[in-house]
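Student: Sequence plus the predicted model coming up.
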Amino acid sequence: MNWDDETATAEERIVDASAEGDDQAVEAALRPKDLAEFVGQEKVRQQLDLVLKAARQRGATADHVLLSGAPGLGKTTLSMIIAAEMNAPIRITSGPAIQHAGDLAAILSSLQEGEILFLDEIHRMSRPAEEMLYMAMEDFRVDVIVGKGPGATAIPLDLPPFTLVGATTRAGLLPPPLRDRFGFTAHMEFYEPHELERVVCRSAGLLDVAIDPAGAAEIAGRSRGTPRISNRLLRRVRDYAQVRADGAITREIAAAALGVYEVDSRGLDRLDRAVLTSLLKLFGGGPVGLSTLAVAVGEERETVEEVAEPFLVREGLLARTPRGRVATPAAWDHLGMVPPQAAGPGSTTGNGGTGQPGLFGA
Ligand SMILES: Nc1ncnc2c1ncn2[C@@H]1O[C@H](COP(=O)(O)OP(=O)(O)OP(=O)(O)O)[C@@H](O)[C@H]1O
């Protein structure tokens with residue numbers, strides 16, 4: 001395949017962990033409704049269960065909760081579960097939607113007692129709004145500024161007690177005064193394949209699709225540790241099973257379907273493999289500079305660095321070194337190629353660089 005002919009972009013990726021372009025109604029239908037249904041994240045679940053039970057017993061609102069972790073790991077889902085477990089209404093907004101302190105004041109002043117305020121991407125809130133939030137979280141009070149210049153006056157406004165659930169993909173970007181005001185902080189990890197198998201089986205049940213354990217394992221193994229991707233792949237495999245087979249999902253059906261969508265056995269898509277293939281075939285596995293690699297792939301530098309590389313690094317297929325990008329032995333292995341030293345003089349690959357056995361197959 002000539003990787004230069006077609007370029008994969010983040011927006012069109014089936015393995016993108018963000019919710020862009022997803023069918024929101026289907027995603028909502030697949031959300032677990034309580035902690036018992038929420039798969040994996042054992043520590044977070046146990047701790048949160050205690051926090052919520054204790055608050056319920058005291059008849060108080062729960063402490064503010066900060067959830068950090070990569071997109072698609074279940075932060076929004078957990079916030080809704082918190083509301084359900086506390087039997088409280090939930091208001092959902094996001095950092096980018098709150099650009100002025102006034103925007104936040106309007107939301108805070110209309111909260112009901114005990115309400116859950118879910119603030120996604122909390123690290124992207126404007127500075128004045130963030131400062132207003134400090135006081136709101138600590139004292140359940142805000143100062144609303146009326147007027148401008150020397151005549152401006154601050155009118156204190158009492159708020160009903162509420163629980164803020166903040167979500168961020170970048171906990172390190174939060175200023176310490178904000179981080180410190182959360183009573184409970186949870187970091188969400190990527191999921192293990194056996195946990196994603198449970199996510200896939202549960203979702204298949206809700207979608208009324210027949211699936212056997214091997215089929216679920218095949219989808220889970222290609223889901224990059226992320227339930228949102230599992231659910232998306234499941235929907236594509238369901239289409240394939242319906243159109244090309246009898247509707248039931250087996251390992252063979254899942255592998256064939258995801259082959260059509262170019263998601264390989266480890267969850268790499270076309271862009272990921274284009275990066276690895278260039279690194280191996282053109283640069284003997286590196287080290288090579290990011291810009292050179294990006295030109296070879298026919299992509300922007302940022303796309304390679306921000307879209308493809310994080311997963312390749314996490315999978316142990318690529319290393320970022322001071323001298324440039326380097327492929328690991330696992331990368332050669334995954335693409336079915338042999339490193340130059342191992343292949344002997346004059347050879348860059350053990351198979352002419354053409355064979356990629358088993359990548360899409362079961
Ligand atoms: N632990 C889980 N068990 C079962 N399904 C889950 C779990 N976590 C997430 N999901 C599913 O994955 C989808 C995405 O989850 P969610 O929207 O909560 O992720 P998120 O972390 O809030 O993502 P983002 O950061 O993009 O907002 C949901 O439809 C939900 O069904």
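Tutor: Structure received.

Student: Measure how buried R141 is and give me the count.
Tutor: Residues within reach of R141, counting by other C-beta atoms under 10 Å, total 12. Backbone N, C-alpha and C define where each C-beta goes, glycine included.

Student: Give me the pLDDT value at it.
Tutor: R141 carries a pLDDT score of 92 in this model.

Student: Repeat that for L317.
Tutor: Reported pLDDT for L317: 96.

Student: OK, contacts around it?
Tutor: 268, 276, 327-328, 330-331, 334 (C-beta atoms under 8 Å, 6 or more residues apart in numbering).

Student: need the contact list for whichever residue of the stretch 1-150 of the chain sits closest to the ligand.
Tutor: Residue nearest to the ligand within the stretch 1-150 of the chain (C-beta to the nearest ligand atom): G74, separated by 2.6 Å. Listed by C-beta under 8 Å, 6+ apart, the contact set of G74 reads 38, 41, 188, 227.

Student: Verify the contact between the third one and E42 for me.
Tutor: No. Proximity of M188 to E42 does not meet the contact threshold set by C-beta atoms under 8 Å, at 11.5 Å.

Student: Compare these two (neighbour count), which wins?
Tutor: M188 (20 against 10).

Student: which SS state does A319 fall under?
Tutor: strand (DSSP: H, G, I helix; E, B strand; the rest coil).

Student: returning to what we had before: the contacts of L317 also near the ligand: which ones?
Tutor: Among the contacts of L317, no residue lies close to the ligand (C-beta under 6 Å from any ligand atom).

Student: and which of these is nearest to R238?
Tutor: The shortest approach to R238 among these belongs to L268, at 21.9 Å (C-beta to C-beta).

Student: ok, that closest one to the ligand distance?
Tutor: 21 Å (C-beta to the nearest ligand atom, to the nearest Å).

Student: Now, of the contacts of L317, which are buried?
Tutor: 268, 276, 327-328, 331, 334 (16 or more other C-beta atoms under 10 Å).

Student: can you pull the buried residues of stretch 293-306?
Tutor: Within stretch 293-306, the residues scored as buried using 16+ other C-beta under 10 Å are 293-294, 296-299, 303-305.

Student: do stretch 53-64 as well
Tutor: Quick answer for stretch 53-64 (16+ other C-beta under 10 Å): 55, 61-64.

Student: Inside strands: which ones of those residues?
Tutor: Using DSSP state E, no member of these falls in strands.

Student: about what we covered before: give me the pLDDT for the residue of the stretch 1-150 of the chain closest to the ligand.
Tutor: 94.

Student: where does the stretch 201-350 of the chain come near the ligand, residue by residue?
Tutor: Residues of the stretch 201-350 of the chain lying near the ligand (C-beta under 6 Å from any ligand atom): 227-228, 231.
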